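> Fold the following and give me the result.
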Amino acid sequence: MMSALRGISSVTLLFLLSLGIIFFAEICMTQNTTIPVNIGVVLDLDTWVGKMGLSCISMALSDFYASHPHYKTRLVLNTRDSKSDVVGAAAAATDEQIGIELHKLMTMETRVFIVHMLPYLGSRLFSKAKEFGMMRQGYVWIITNGMTSLLNKMHSLNFEAMQGVLGVKTYVPETETLSDFNIRWKTKFQKENPTTHTPEFNIFGLWAYDATTALAMAFEKVGTINFRFQNGSVLGNSTDLENFGISQVGPELRQALFNTSFHGLTGNYSLTPGKLQSSSFEIINIIGNDGRIIGYWTPSGLVQDLKFANYIYDTSMENLKPIIWPGVSTEFPKGWEVPILRIGVPSTKSFNELVMVRNTSANNISTGYCIDVFRAVIQELPYSIPYEFVPFETSNEEAAGSYDDLIHQVYMKNLDAIVGDITITASRTLYVDFTLPYTEPGIAMIVPIKHRTTAWLFLKPLTSELWVTTGCFFIFIGFVVWILEHRVNEDFRGPPLHQIGMIFWFSFSTMVFANREKVTNNLARFVVIIWVFVVFILTSSYTASFTTMLTAGQLQPTITNINELIMKGENVGYQEGSSVLGILKKLNFDESKLKAYTSAQECDEAFSKGTTNGGIAAAFDEIPYMKVFLSKYCSKYTMVQPMHMTNGFGFVFQKGSPLVSDISRAILKVFEGGEMDKIEKAWFGRATCSTTSNSLSLDSFWGLFIIAGLASVSALIIFLSRFLYEHRHIVGCSSSENSIWNGIALLARKFDQKDPSTHTFRKNKLRERSNFVGVDTVGTVEASTLTSFPQTPSSFSDHTERNSISLEEHERPAPNYSNFNSNA
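Residues are numbered from 1 along each chain as shown. Next up, the predicted model:
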């Protein structure tokens with residue numbers, strides 16, 4: 001029944017309901033100046049549309065020939081009343097047949113339906129749909145132009161079953177010509193139909209008017225040639241239409257209609273390319289007993305107001321006014337509905353970290369990385385989806401077939417989807433739809449690791465730039481400290497070679513904190529404190545990096561090149577049943593060198609044997625499997641960069657499933673939200689071992705060097721400023737060029753001299769004076785004691801001790817007090 005309704009196209013409705021034009025024209029060549037062309041018009045004159053159509057057709061001919069009196073052809077109407085025979089087949093559908101078709105629609109996933117039928121049948125359809133519960137929330141019903149344009153002729157009871165329905169209707173702009181026609185048509189129609197009150201025409205009447213005008217123009221273009229008809233062969237029962245002859249000039253008349261264009265009552269009229277063109281459509285939302293306009297469809301998209309129809313193309317529903325959907329809901333329906341998704345899960349005995357089915361007495365439990373990813377994706381959907389996992393296994397808990405067999409179950413609609421380690425391939429997309437991949441794509445090579453030793457490994461923790469920068473700063477800091485301490489510290493004075501050695505010794509000794517020279521200048525102390533902090537950070541970082549290189553840094557893959565495997569004739573492994581086998585053959589591996597394994601443990605055992613004992617030297621598989629393998633044997637093997645690209649794992653759905661796009665978007669949200677990393681860490685842990693350690697670069701420490709440099713330069717500026725200020729009399733006396741050089745030389749000599757005003761040298765002078773006075777006093781006391789008193793044991797002991805001290809002091813070279821006395 002529904003297929004019969006869909007067969008009634010918009011063009012058929014136009015000709016049957018509006019014009020009903022059946023061309024059996026016969027031109028009679030006479031001596032008159034005009035040539036009549038007989039036109040058959042078949043209409044249901046008992047209906048409003050039939051009466052309105054005939055009135056508009058006759059007005060179109062009278063208006064056209066009144067404005068084109070020079071035309072030689074004249075269309076002559078031959079009217080026939082169809083007495084409802086035209087739509088008899090469609091109207092003959094019973095409520096039972098309508099119910100059967102609606103039940104078929106209910107079993108489909110889609111919840112969006114387009115109704116293209118006459119108002120009488122459409123009202124019955126919606127009444128039955130409401131009875132079946134198909135006018136509730138979640139459904140979308142759209143009626144086409146033919147039904148929307150006749151809503152005003154429907155009974156109010158029919159609107160009760162059509163609440164929330166959307167309709168489209170041709171938009172006809174208001175013009176003076178249209179207003180004038182409306183007045184003339186009402187006057188004429190009331191004269192012809194006095195029993196009809198407040199007549200109103202619709203788009204069908206306007207189409208009839210414009211179509212009649214186009215037909216008159218086309219006949220004029222064809223000319224006054226003789227029309228001949230070929231009699232049709234009629235067998236058995238026939239209708240009146242089958243008795244009509246076939247016009248020999250029909251193709252010319254059709255082409256003339258296609259080439260006809262003008263500005264009519266409905267706007268620009270054109271049948272190119274064989275269809276009536278319409279610039280805009282009104283979008284109607286049925287609420288209550290009427291339809292309200294919620295927007296317009298235009299070539300530039302959806303708009304609320306036609307004034308904004310010339311902007312950027314946009315089809316967003318947000319451009320329309322609020323829509324009341326079936327079920328009196330304002331929530332945008334998703335357009336489909338899935339009862340309970342039956343999701344197939346592969347049953348495997350290996351790599352259970354990806355997917356595993358555990359059978360219990362109560363039910364089957366599916367776990368694994370793929371399962372957790374799917375659950376996280378479902379949580380990101382804006383709606384809920386009920387689902388159940390169906391293990392693809394036999395009653396003996398064995399796999400019921402290969403992965404391709406499982407995909408075939410989705411193709412046969414025995415399953416709605418598949419969640420598992422299913423690789424996206426071009427051949428599989430011919431039968432099912434895949435979502436975006438949720439794993440890293442590519443095939444990687446796993447090889448054993450070996451230890452690497454080198455005599456210059458201790459240089460690797462730092463880059464060459466950092467080594468050079470650090471060395472330059474060691475020298476610079478030593479030079480700055482020497483300048484600050486040279487005039488006030490005996491340790492930084494002496495012969496030139498001694499002072500140069502002190503610059504290097506003091507600075508580099510801070511690296512191991514071995515310097516014992518005292519720093520007396522406060523500016524030098526400030527510089528040293530900053531530099532010691534920098535050295536501490538550098539040495540700590542160096543120690544950590546070097547320790548890493550001594551352990552993991554020496555672990556290198558035994559093989560890094562596929563060509564090396566082929567040249568040496570090494571055996572390589574692949575997972576049994578994987579598509580990797582075909583890829584390895586394409587890479588020119590000898591088929592006898594390809595060894596299959598079924599689990600991570602079996603792969604490890606094959607590696608242990610080696611090629612000479614029937615084992616393998618390398619294994620190839622998709623990256624997710626390799627991550628599972630490395631999570632167990634991270635210390636023995638390493639993964640080389642992907643050698644061949646694949647599309648990764650994806651979720652499988654039936655062809656055309658509306659879930660694919662929403663699930664794909666949800667996968668992206670899971671990636672962006674960081675949930676995917678958490679799931680991967682939970683199942684794979686440390687999936688890879690680091691085989692290299694990057695050297696520390698200057699980028700990590702330039703801030704410390706800037707701080708040390710600024711501190712040193714600041715101290716130098718302060719020191720030089722004070723030094724020049726103290727000897728400003730020397731600078732002030734240097735005016736000529738020679739005097740300038742002499743002044744610089746004099747300042748250099750002053751810098752090389754000790755600074756007697758510092759507390760360091762004042763303390764030394766006081767100590768020397770104290771020693772000199774002490775020696776003189778001790779000698780006097782000893783002499784007095786020896787001459788005046790007898791010696792007792794105690795006094796003898798005291799005398800002996802003091803005497804020994806005095807002798808020791810007299811054995812030393814006598815200090816030169818000339819400078820001291822003169823200064824005093």
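
> give me every residue that touches the nearest residue to residue 321 once chain neighbours are set aside.
In this structure, residue 321 finds its nearest non-sequential neighbour in residue 294, 4.1 Å apart by CB to CB, 6 or more residues apart in numbering. For the C-beta atoms, the positions are set from N, CA and C on the backbone; glycine is no exception. Residues in contact with residue 294, defined by CB atoms under 8 Å, 6 or more residues apart in numbering, are 283-285, 304, 320-323.

> how near is residue 398 to residue 346?
According to CB to CB, to the nearest Å, residue 398 and residue 346 sit 12 Å apart.

> in what helix or strand does the most centrally placed residue in the chain lie?
Most central in the chain under CA atoms, centre = their mean is residue 668, positioned 5.8 Å from the mean C-alpha point. Using DSSP states H and E, residue 668 sits within helix 659-672.

> Tell me which helix or strand comes right after that helix.
helix 675-684.

> which helices and strands sit right next to that following helix?
On a contact count with 3 or more CB pairs under 8 Å, 6 or more residues apart in numbering; DSSP states H and E, helix 675-684 meets helix 369-380, helix 623-632.

> Where does the prediction get shaky in the stretch 151-300 of the chain?
For the stretch 151-300 of the chain, the stretches with pLDDT under 70 are 198, 224-245, 273-274.

> quick one, what contacts residue 474?
504, 507-508, 511.

> Drop anything exposed from these.
Listed as buried from these are 507-508, 511; burial here means 16 or more other CB atoms under 10 Å.

> For the helix or strand where residue 707 lies, buried residues please.
Residue 707 belongs to helix 702-726 when elements are defined using DSSP H and E. For helix 702-726, a neighbour-count test (16+ other CB under 10 Å) marks 704-705, 708-709, 711-712, 715-716, 719, 723 as buried.

> tell me which element the residue lying closest to residue 481 once chain neighbours are set aside falls in.
What sits nearest to residue 481 in space, not counting adjacent residues and going by CB to CB, 6+ apart, is residue 524, at 5.0 Å. When elements are assigned from DSSP H and E, residue 524 belongs to helix 522-551.

> Would you mind getting the angle between that helix and helix 702-726?
Helix 522-551 and helix 702-726 are oriented at 160 degrees to each other (axes from the mean of the first three to the mean of the last three CA atoms, to 10 degrees).

> list the contacts for the closest residue to residue 636 other than its chain neighbours?
Spatial nearest neighbour of residue 636, chain neighbours left out: residue 448 (6.3 Å); criterion: CB to CB, 6+ apart. Contacts of residue 448 were listed using CB under 8 Å, 6+ apart, and they are 557-558, 607, 617, 636-638.

> pLDDT value on residue 784, please?
Note on residue 784: pLDDT of 44.

> Repeat that for residue 669.
94.

> Please report how far the closest residue to it other than its chain neighbours lies from residue 272.
Of all residues not flanking residue 669 in the chain, residue 380 sits nearest, at 4.5 Å (CB to CB, 6+ apart). Noted for residue 380: a distance of 47 Å to residue 272, by CB to CB.

> more neighbours, these two?
Each of residue 380 and residue 272 has its neighbours counted (other CB atoms under 10 Å); residue 380 has more, 17 against 11.

> give the contact list for that one.
Shown in contact with residue 380 (CB under 8 Å, 6+ apart): 666, 669-670, 673.

> repeat that for 7 Å
Counting by CB atoms under 7 Å, 6 or more residues apart in numbering, residue 380 makes contact with 666, 669-670.

> cool, and residue 261?
268-270.

> Just to be sure, which of these are found in strands?
268-270 (DSSP state E).

> Dump the residues you listed to JSON lines, plus neighbour count and distance to residue 105.
Output for the ones in strands among the contacts of residue 261, formatted as JSON lines (neighbours: other CB atoms under 10 Å; distance: CB to CB, whole Å):
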{"residue": "268", "neighbour count": "11", "distance to residue 105": "38"}
{"residue": "269", "neighbour count": "21", "distance to residue 105": "37"}
{"residue": "270", "neighbour count": "17", "distance to residue 105": "36"}
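
> Nearest to residue 256, out of those residues: which one, please.
Proximity of those to residue 256 (CB to CB) peaks at residue 270, which lies at 13.2 Å.

> Once you drop chain neighbours, what's closest to that closest one?
That would be residue 261: by CB to CB, 6+ apart, it lies 4.3 Å from residue 270.

> wait, is residue 343 part of a strand?
Yes. Residue 343: assigned to a strand according to DSSP: H, G, I helix; E, B strand; the rest coil.

> roughly how far apart are it and residue 668?
Distance from residue 343 to residue 668, by CB to CB: 21 Å.

> again, but for residue 589
Distance from residue 589 to residue 668, by CB to CB: 36 Å.
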